[in-house]
Structure formats: structure tokens, C-alpha cells
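A.B. asks: Take a look and give me a structure for this.
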Amino acid sequence: MNVQITDINETRKTLTVTLDKSEVDGEYNAILGDFTKQVSLPGFRPGKAPAAMVAKRFGKELKDEFKQKVIGKAYRDGLEQSKLEVLSLVDVEEGAIEPGLSAAIKLTVDVRPEFQLPDYNGFTTEIQPTEPTEAEVDTVIEGLRAERADFKVADRAAAKGDYVRFGYEGTLDGKPLTDVVGDKAIYATAPQTWEEVEGANEGLLPGMSTQIAGLKATDKKTVTVTFPADFAPVPALAGKAVSYAIEVQEVRERVLPPMDEEFFKQNRADNLDGLKAQVRANLTMRKEQENRSAQRRQITDSLVAQANFPVPDSLVSSERDGVLRQFIEENMRRGVPQEQFEQNKKELHDSATKAAVSRIKVQLMLAKIADAEKLKVDEKDFNTWIMREAMRSGQKPDKLAKELGKDREQLRAIQQQLIFDKALDFLVTKATVKTASAKA
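C.D. replies: Numbers count the residues shown, from 1 in each chain. This next block holds a predicted model:
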């Protein structure tokens, strides 16, 4: 066997692996022998048919498996002799593969780039104070009361925090809005809808929550709503000022429950002090989790900033596809139409490529750190992942584990992600931590 390596770029190589006649014949004879043992031909006992008859009868099947065996041998032996750390097989040019002849197989592979790790012990990270303020505790408790609020009809003008039921019909430049919005008729007209007056979360029609302030039941009013320039749900409305004729049907005011024994019982507390202690503990835990996530992001950013090495094209392509798929799925759930993705195709592709390159660099660095620190994924790590994923997906842990056992590729991807997470958590434990000043 002879192996020649040709550099295409820093991370892509071509291996030309030449197997001599004896190696090719060895693979052919091994395959023919296996076929002869397994097949039955009329007039012969199983496994006793002459090899020449077997070769003639099963010529196509024999040839296909023979080629795969030769290519597999070329790949395995070529990697062993070249000592390349291959990340992906990009292309195979098999040439002529016939018994009695030598065979030259050209393999295009992407290899792990060579780079030096930066000093990764002691990255500087900044966290926020974890001690909740009284204002934060009070906000949570008010939120708990709001969850159990009653809404009573109010015979007065709508004020901030009230809910208003009203119908509306829109026009644009004097023409019915139904002619503009297509199948998104809800943006044109509705017999009734509810909206919180000056609410923190914007409703369907931008700015409408402020327009209904001061109105009472039976009031009619024509208001102007200006849609944002980048309004994705209905691009035809982007940047347009639309007139809506609205009629108020009802005003309801939010009545919060008293903080009495029943309220505390519903929230698993004995009294106000007990509830505050519970809320404070939950807020502290949440802040600690947020700090941990922030440290991981900061360390990831630090790694990217020091990652001055090329990345394999095949890995970037695969990761970019994942980034694009996730982005499109998330935005389609938010109502962004398919046409908008087509309009911004180049920008999306460039942005996804940039994100993919950063992710691949971080993964390569984390893998090298895990190797340097001898970090391993053990059974406990995998079981923890199984339990967490089972809770998230609503599956039984044993069923999930059994299904994963049938998919070696997915199992390998999970193990790889676990080692990345383990390496990142290791870097967090080694980081220099600064606590930001408490916000006033």
C-alpha cells in the first residue's frame, strides 16, 4: 500500500491510497468466500457450491460489496499510515476496482486544525449580585397576586391596568384593510378583542393599548396605529399608518386578592414573612443560574476572541444548516412569513456562517481542553442528561435510553455535547470572578 497526501488548504487534504494487486485480491477472495458459505444453489448443499458459479450468479451483489470493502480498507489503512486526525470524509473517487488489478482510491478529508490553546486558567468573568432587593421580592409577590386577580366590570373610563373589550375595523388610505392583509384578517377587523390598558406586553396592534385609555363602555373612536418599519407578520403594513374605528364594549378592572391566610396557603407559606423568605430563596437560585449562564457566555466569547485558526468547511456547512434551521423555525412560530426569509437570504446565510464558524472554533478548543485535562463523560453524566431530557420531553427515561441505544450517530453527538459542557463548566470553576455593583 502507498499513501500520498496533497494539501488542498490548511484543513482539507486529499489522500491517494494505492492498494497493490495482492491486497485487492485478498479483499475479493474474502468476500467471495463469505458469499460461498452463505448462499445455496440448486444441486449443491448450502455452502458447497463452486466459487466460480457463485461469482457468476451473484456478480452484481458481489461486486458492490467488494468495492465497499476495498474503499473501507483504503480509508482505514490510509488514515493509519498518514496519522491524520480526520473530522469528516468529504468525497471519494474510487477509480477502477477489479480483481487482479491494483486500485487507487482518492479520499478527500477535512482534518482537525492545528492550534495552540491560550492560557485558559483564570478567564475573567463578571457576575451580578445574587441577594434580591426588597423591591424585587415585592414585585414577585404582586405577580402572585395578579395571577389570582379577579376582573370586575367597571362603570368608568379605562385606566392603566384595566382590561378593555372592544371591536375594531381598519382602513388604509380610505380602503378596507381586508384588501391589504390577505389571510391575516385579524389585523384588519375583529368583532371583539381584549387589551390591557398601557400594558407591559404589547398586544396585536402596536400602540393600541395607549389609544384605549380614557374610554368607557359604548364609546366610539377612530385612532391611528403606525406599524413598525420591520413589521414581519404582515409586511404590507410595515411602516404604514392605519386608521381603526373602535367601539368599546366593556371595561374591567383588576382586583387583587387580599394577602390573607387563604392567599398564603395557596402559595405554600404560613404568613407574609414566610412567603418573602420563599420568594427570596427562589430569586437567589435564579440569579445564581443566570450568573452561571453569563459566565459560560463570557468564557465562550473569550475563546472565540483568541481562536486564530481556520476551521474545516464541511463542519461549517453542517453547523450553518443547523443555525439557519433553528432561526427559521423560531421566526415562523412568531409569524414571520416564508417570503421574508427569501428576501434576506444572503444576509441570513452570511450571519449563519459567522455564527457557525464561532461555534466550531469553540467546540474544537473545548475538545482540546477536555483532552488536556483528561475530562471524560461517564455513566453519571449520561444518566443526568437522560433524566433532564425525559422531563423536558415528557418521555419515560428507560424508553428514551432504549431509543438512543438504536441510534449510534445521535448517541455520539450527545456524548460530544456532554464533553463540551464538561469542559466549559471546568473553565467556569477556574475563572476569576468579579461581582458587579448592585443596581440602585
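
A.B. asks: Give me the domain ranges for the protein.
C.D. replies: When the chain is parsed with automatic domain parsing, its domains come out as 2-111, 150-255, 311-435.

A.B. asks: and the helix or strand where residue 416 lies, what other elements does it pack with?
C.D. replies: Element membership for residue 416, per DSSP states H and E: helix 408-430. Counting contacts by 3 or more CB pairs under 8 Å, 6 or more residues apart in numbering; DSSP states H and E, helix 408-430 packs against helix 272-305, helix 345-372, helix 379-393, helix 397-405. Any C-beta I mention is one placed from the backbone N, CA and C, and that applies to glycine too.

A.B. asks: next one: the second one to chain centre, how far?
C.D. replies: Spelled out, that is helix 345-372. Relative to its parent chain, helix 345-372 has a centroid offset of 13 Å by CA atoms, centre = their mean, to the nearest Å.

A.B. asks: in that helix, what's buried?
C.D. replies: Under the neighbour-count criterion of 16 or more other CB atoms under 10 Å, helix 345-372 has 348, 352-353, 355-370 buried.

A.B. asks: still on that earlier bit, specify the next element, helix or strand, located C-terminal of the helix holding residue 416.
C.D. replies: That would be, after helix 408-430 and using DSSP H and E, strand 432-435.

A.B. asks: Name every strand pairing with that next one and say which way it goes.
C.D. replies: Strand 432-435 has its sheet partners listed here by DSSP bridges as strand 124-127 (parallel).

A.B. asks: Show residues contacting the strand it pairs with.
C.D. replies: 291, 294-295, 298-299, 302, 428, 431-436 (CB atoms under 8 Å, 6 or more residues apart in numbering).

A.B. asks: Identify the farthest-apart pair in those.
C.D. replies: The largest separation in the contacts of strand 124-127, counting by CB to CB, is between 302 and 435 at 18.2 Å.

A.B. asks: just to revisit the earlier point, what does the helix holding residue 416 contact?
C.D. replies: 120-123, 125, 292, 295-296, 299-300, 362-363, 366-367, 369-370, 373, 375-377, 381-382, 385, 404-405.

A.B. asks: from those residues, which would you call buried?
C.D. replies: 120, 123, 125, 295-296, 299-300, 362-363, 366-367, 369-370, 375, 377, 381-382, 385, 404.

A.B. asks: want to throw the helices and strands packed on helix 408-430 into a markdown table with distance to residue 48?
C.D. replies: Listed next are these as a markdown table, based on distance: least, CB to CB, whole Å:
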| stretch | distance to residue 48 |
| --- | --- |
| helix 272-305 | 63 |
| helix 345-372 | 52 |
| helix 379-393 | 48 |
| helix 397-405 | 39 |
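
A.B. asks: Which of those helices has the lowest mean pLDDT?
C.D. replies: The stretch with the lowest mean pLDDT among the helices and strands packed on helix 408-430 is helix 397-405, at a mean of 86.

A.B. asks: can I get the domains of the chain in CSV with distance to residue 285?
C.D. replies: Output for the domains of the chain, formatted as CSV (distance: least, CB to CB, whole Å):
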stretch, distance to residue 285
domain 2-111, 39
domain 150-255, 24
domain 311-435, 17
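
A.B. asks: What segments of this protein are strands?
C.D. replies: Along the chain, counting by DSSP state E, strands occupy 2-7, 12-19, 86-93, 103-111, 124-127, 150-153, 163-172, 175-176, 189-196, 220-226, 241-255, 432-435.
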